[in-house]
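Novice: After the sequence you'll find the predicted model.
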Amino acid sequence: MKTLFIAFAMFATTFYGSIPQDTVKVNGTYDRHEDGVYFFMGDEGEIYEFHDITEEASEAFDLMDEALIGKLFNITFTLEMGEDDEMEYNTIIALKLIE
């Protein structure tokens, strides 16, 4: 069984280029969409970059709408590391507007 899991993990890494590492929740203020990347600013000035957004999350909030800039969101996302473990690839999977 362990061998099967290792074989699957290696296949997934080869086929997809990365394996999801974590699901994370943070609060952030929407800053902008630039070159296909969504930017949010955290409470302490940290910058969150998201390279993709699920269909469900984009249906809930159209981040292309400039009226959302400056709004505070609770963001749920997956964190993946690239093959070289240097590039993070973050995908927004849920958004909740904090009022």
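Specialist: Here it is on my side, so go on.
Novice: could you show me where the helices are in this protein, in order?
Specialist: With DSSP state H as the criterion, the chain has helices at 2-16, 55-60.
Novice: what's the least confident stretch among these?
Specialist: Note on those: helix 2-16 shows the lowest mean pLDDT, a mean of 42.
Novice: Show me where this structure has its strands.
Specialist: Using DSSP state E, the strands of the chain run over residues 20-34, 37-41, 47-50, 52-53, 72-81, 88-97.
Novice: remind me which residues of this structure are low pLDDT?
Specialist: Scanning the chain for pLDDT under 70 picks out 1-21, 82-86.
Novice: switch the cut-off to 50
Specialist: 1-20 (pLDDT under 50).
Novice: Which of the strands of the chain sits closest to E66?
Specialist: Proximity to E66 (C-beta to C-beta) singles out strand 20-34 among the strands of the chain, at 8.9 Å. All C-beta atoms are positioned from the backbone trio N, CA, C, and that covers glycine.
Novice: Neighbouring strands - and their directions - for the closest one?
Specialist: strand 37-41 (antiparallel), strand 72-81 (antiparallel) (DSSP bridges).
Novice: Now tell me what touches the last one from outside.
Specialist: Pointing back at strand 72-81 there. Outside strand 72-81, the residues that touch it by C-beta atoms under 8 Å, 6 or more residues apart in numbering are 18-30, 40, 48, 50, 61, 87-98.
Novice: got it, and stretch 44-58?
Specialist: Here stretch 44-58 makes contact (C-beta under 8 Å, 6+ apart) with 26, 28, 31, 36-42, 63, 75, 77, 88-95.
Novice: Output the strands paired with strand 20-34 in JSON lines; the columns should cover distance to T54.
Specialist: Listed next are the strands paired with strand 20-34 as JSON lines, based on distance: least, C-beta to C-beta, whole Å:
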{"stretch": "strand 37-41", "distance to T54": "12"}
{"stretch": "strand 72-81", "distance to T54": "9"}
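Novice: re the thing from before, tell me the buried residues within the contacts of strand 72-81.
Specialist: 18, 28-30, 40, 48, 50, 61, 89-95 (16 or more other C-beta atoms under 10 Å).
Novice: Can you say which two of the residues you listed are spatially most distant?
Specialist: Taking C-beta to C-beta as the measure, the buried ones among the contacts of strand 72-81 span a maximum distance of 27.4 Å, between S18 and T29.
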